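Peer 1: Need coordinates for the following:
(one chain, ligands or ions: 2)
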Amino acid sequence: MNMNKKEKVNRVVLIGAGLVGSSYAFALINQAVTEELVIIDLDKEKAIGDAMDLNHGKAFAPSSTNTWYGDYSDCEDADIVCICAGANQKPGETRLDLVEKNMKIFKTIVDNVMEKKFDGIFLIATNPVDILTHATQVFSGLPKERVIGSGTTLDTARFRFMLSDYFNVATQNVHAYIIGEHGDTELPVWSHATIGGVPVAKYLETNESYTPEDLEHLFEDVRDAAYQIIQKKGATHYGIAMSLVRITKAILGNENSILTVSTYLDGEYGEREVYVGVPTIVNRRGVEKVLEMELSDVEQQQLRHSVKTLKETMNPALEKITQ
Ligand SMILES: NC(=O)C1=CN([C@@H]2O[C@H](COP(=O)(O)OP(=O)(O)OC[C@H]3O[C@@H](n4cnc5c(N)ncnc54)[C@H](O)[C@@H]3O)[C@@H](O)[C@H]2O)C=CC1
Ligand SMILES: CC(=O)C(=O)O
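Peer 2: Ligands and ions are numbered 1, 2, ... in the order given. Next comes the predicted model:
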């Protein structure tokens, strides 16, 4: 046995260590998801400070994550490059309002990463996430299954939390998805939502205080959660950080987990040439398979509207930047 031969360890490169990125780094280390974590940010001093600060807490983590402030050359050996760089929403702004600003930033970042011959999986969080995931695939030329957005994983987590709170059951026993744009046109898939296997429509009958109107309001709270949090504290970052860690674990652990990541559709749900949040089997290869649920007519129409909205914003912005 050659004792000098180094074993390949998992490396995640994080680009953009603002509120979302640094929360992701913190959660990654606390859950010991990867052996190596490299942090890159335009604000070099802030990122160096983050790497120092995170390293100082390592003694208390389940296992050691080798963490350093790096540069694009670190992307060559990376398994995952996670991009959280770019502008966030100011109060009143929609995610789609960020498209031009953040697409320009992404062109530079993705070109820099690919110059270093990156051959792993891109995981995108920056908004509008579905559109920037698509742009990353176009800019990088990597296979579509190796470019993934956080999609509606956060919205699905919010939905499951709020349903579990309403019905007073553990979140783990709530199975329900939010799909579509990570944004204002997202939709709840009520037709497949279950509490411990019991359809939500049936579960409503188990207590007269439960009402369909409450569920409508509950979905509105899910959809508008980011606006409410931004109004109160300026940004959201813990929930998305934990969603990103969940996706990272599914990839590095080759889990075949079903997550509502932003995935390229090529005919599934009757849609093409779009990245959008749908239940997807995620493993070491990235996207293994899109799970095609039978949607109700209303849900199918809502998904079509969501995809149309995404394309209407994305196509001109992509055209402008690739001209
Ligand atoms: N997908 C989702 O569910 C969620 C997405 N987001 C999105 O995440 C993004 C980041 O949000 P925050 O962390 O709150 O913003 P932030 O302003 O705290 O951090 C952004 C970071 O990006 C860095 N940056 C900008 N241009 C860069 C470049 N060219 N190269 C490297 N670093 C660069 C900045 O220096 C800064 O540290 C926003 O677009 C926000 O809307 C936020 C929450 C949830
Ligand atoms: C900001 C954002 O996209 C969210 O919290 O859902």
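Peer 1: Could you use CA atoms for every contact and neighbour count after this?
Peer 2: Will do.
Peer 1: got the residues of the stretch 51-200 of the chain near ligand 1?
Peer 2: Within the stretch 51-200 of the chain, the positions lying close to ligand 1 (Cα under 6 Å from any ligand atom) are 84-89, 105, 109, 125-127, 129, 150, 154.
Peer 1: Please tell me I have it right and Ala241 contacts Val20.
Peer 2: Yes. Counting by Cα atoms under 8 Å, Ala241 does reach Val20; the two are 6.0 Å apart.
Peer 1: just to revisit the earlier point, apply the buried test to the residues of the stretch 51-200 of the chain next to ligand 1 and list what passes.
Peer 2: By neighbour count, with 16 or more other Cα atoms under 10 Å, those hold 84-86, 88-89, 109, 125-127, 129, 150, 154 as buried.
Peer 1: Which pair in these has the greatest spatial separation?
Peer 2: Distance extremes for these: the farthest pair is Ile109 and Leu154 at 24.1 Å, using Cα to Cα.
Peer 1: Quick check: chain neighbours aside, which residue is closest to the spatially most central residue of the chain?
Peer 2: Central residue of the chain (Cα atoms, centre = their mean): Ser150, 1.3 Å from the mean position. Counting by Cα to Cα, 6 or more residues apart in numbering, the nearest residue to Ser150 once its immediate chain neighbours are dropped is Val261, at 5.0 Å.
Peer 1: quick one, phi psi at the one you found?
Peer 2: Taking degrees, to the nearest 10, you get phi -80, psi 170 for the backbone angles of Val261.
Peer 1: any idea how far it is from ligand 1?
Peer 2: When Cα to the nearest ligand atom, to the nearest Å is applied, the distance between Val261 and ligand 1 equals 10 Å.
Peer 1: just checking, Val307 touches His182?
Peer 2: No. Checked against Cα under 8 Å, the pair Val307 and His182 is beyond contact range at 10.8 Å.
Peer 1: Val12 should be in a strand, yeah?
Peer 2: Yes. Inclusion of Val12 in a strand is indicated when DSSP: H, G, I helix; E, B strand; the rest coil is applied.
Peer 1: Do I have it right that it meets Leu37?
Peer 2: Yes. Contact criterion Cα under 8 Å: Val12 and Leu37 qualify, at 5.0 Å.
Peer 1: who's more crowded, those two?
Peer 2: Val12 (29 against 24; other Cα atoms under 10 Å).
Peer 1: element containing Phe118?
Peer 2: No secondary structure element spans Phe118, as it lies outside all helices and strands (assigned by DSSP states H and E).
Peer 1: The residue nearest to it when sequence neighbours are not counted: neighbour count?
Peer 2: Spatially, and ignoring its direct neighbours in sequence, Phe118 is nearest to Glu76 (4.7 Å; Cα to Cα, 6+ apart). Other residues lying near Glu76 total 17 when counted by other Cα under 10 Å.
Peer 1: before we move on, what about the one 3 residues further on?
Peer 2: For Asp79, the neighbour count with other Cα under 10 Å is 23.
Peer 1: How about it: what's its closest non-neighbour residue?
Peer 2: What sits nearest to Asp79 in space, not counting adjacent residues and going by Cα to Cα, 6+ apart, is Gly120, at 4.7 Å.
Peer 1: How about Thr65?
Peer 2: Taking Cα to Cα, 6+ apart, and ignoring the residues beside it in sequence, Thr65 has Glu35 as its nearest neighbour in space, at 4.8 Å.
Peer 1: residue contacts, the one you found?
Peer 2: Contact criterion Cα atoms under 8 Å, 6 or more residues apart in numbering gives 9-11, 64-66 as the residues in contact with Glu35.
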